[in-house]
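Enquirer: please work out how this folds:
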Amino acid sequence: MKKYVVSVVSLAVVLGGAVSPALADRGSGIRGFFDRFRQEQRDEDEAEDEPRQESRSRDEDAASKSAELRWKLQRQHNAERTERLKEFWDKAGKRLQGIVNRESQMSERIAEQLARKKSAGMNTSEQEALLRDADAAISTAQTSLTEATLTMKRLRDEQAPIADMIVRARELHKTVIGDIRVALRALVDVIVSMRGMSAVPTQTISPTP
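Expert: Below is the predicted model:
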């Protein structure tokens with residue numbers, strides 16, 4: 001190809017001075033020859049580009065299909081993770097609700113014991129105050145659990161990103177557990193304060209002189 005180009009250039013140099021104006025018109029003579037030569041070169045370049053373009057097109061199609069496949073797999077994976085998160089929260093919610101229920105039952109039994117002790121003449125004011133604090137803590141734990149369950153349901157209905165749902169689930173679970181522990185410690189305080197309770201001493205009324 002290089003020898004061919006050099007020959008053409010040499011021919012142009014030799015014949016350049018002898019070219020008449022008529023022969024310089026486009027489509028004839030040296031100028032027409034060069035126009036045709038450049039067109040042939042462009043045609044050859046385009047012919048060489050076609051395989052590259054086809055290869056690039058195939059690569060782009062393959063990349064597009066690969067991206068679509070990855071997207072489908074990721075979507076399926078997220079759906080599976082969402083379902084596992086739902087199952088986890090359903091089980092955790094039932095377990096936590098069972099704990100709150102048992103704390104409420106324990107509070108009721110303590111209240112019954114305090115009522116009996118009070119009827120027997122014992123001073124139960126301190127224990128009753130502690131029990132009211134425990135009941136408030138149990139109510140807080142129940143509220144936290146209810147709100148957490150509703151929040152997780154809302155996130156699922158809104159199809160929130162699974163990563164956000166996991167983070168939120170951990171936060172809610174930690175909050176509920178913390179409130180349950182506070183209520184349990186309050187109940188323990190009531191039970192401890194009931195140990196060694198004694199009857200209120202009966203006052204002796206002295207006869208009037």
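Enquirer: from here on, contacts and neighbour counts on C-alpha atoms
Expert: Noted.
Enquirer: so where's the protein shaky on pLDDT?
Expert: Along the chain, the parts satisfying pLDDT under 70 run over 1-75, 77-78, 198-209.
Enquirer: ok, 50 please
Expert: Across the chain, the ranges flagged by pLDDT under 50 are 1-28, 201-209.
Enquirer: what segments of the chain are helices?
Expert: Ranges of helices in the chain, per DSSP state H, are 2-16, 29-119, 125-157, 162-193.
Enquirer: and Val167, how many neighbours?
Expert: By other Cα atoms under 10 Å, the residues close to Val167 number 10.
Enquirer: ok, Val188 to Ala111 distance?
Expert: For Val188, the distance to Ala111 equals 13 Å [Cα to Cα, to the nearest Å].
Enquirer: that should have said Val176, apologies.
Expert: Distance from Val176 to Ala111, by Cα to Cα: 24 Å.
Enquirer: more neighbours: which of these two?
Expert: Val176 (24 against 17).
Enquirer: residues in contact with that one?
Expert: Neighbour list for Val176: Leu96, Ala141, Ser144, Leu145, Ala148 [criterion: Cα atoms under 8 Å, 6 or more residues apart in numbering].
Enquirer: can you tell me the closest non-neighbouring residue to the last one?
Expert: Nearest-residue entry for Ala148: Leu172, 5.7 Å, with adjacent residues in sequence omitted and distances by Cα to Cα, 6 or more residues apart in numbering.
Enquirer: what's the burial count for that neighbour?
Expert: For Leu172, the count of nearby residues is 19 (other Cα under 10 Å).
Enquirer: what of Gly98?
Expert: Neighbour number of Gly98 under other Cα under 10 Å is 12.
Enquirer: also Lys94?
Expert: Count around Lys94 with other Cα under 10 Å applied: 12.
Enquirer: distance of it relative to Asp164?
Expert: Distance, Lys94 to Asp164, using Cα to Cα: 22 Å.
Enquirer: then Arg156?
Expert: 11 Å.
Enquirer: hmm, Glu147 and Gly93 touching each other?
Expert: No: under the criterion of Cα atoms under 8 Å, Gly93 is not in contact with Glu147, lying 11.1 Å apart.
Enquirer: those two - which one has more neighbours?
Expert: Gly93 (18 against 14).
Enquirer: which residues does that one contact?
Expert: Leu145, Thr149.
Enquirer: got it, and Gln76?
Expert: No contacts exist for Gln76 under Cα under 8 Å, 6+ apart.
Enquirer: how near is it to Leu85?
Expert: Distance, Gln76 to Leu85, by Cα to Cα: 14 Å.
Enquirer: next one: Gly196
Expert: 48 Å.
Enquirer: neighbour count: these two, which is higher?
Expert: Each of Gly196 and Leu85 has its neighbours counted (other Cα under 10 Å); Leu85 has more, 18 against 7.
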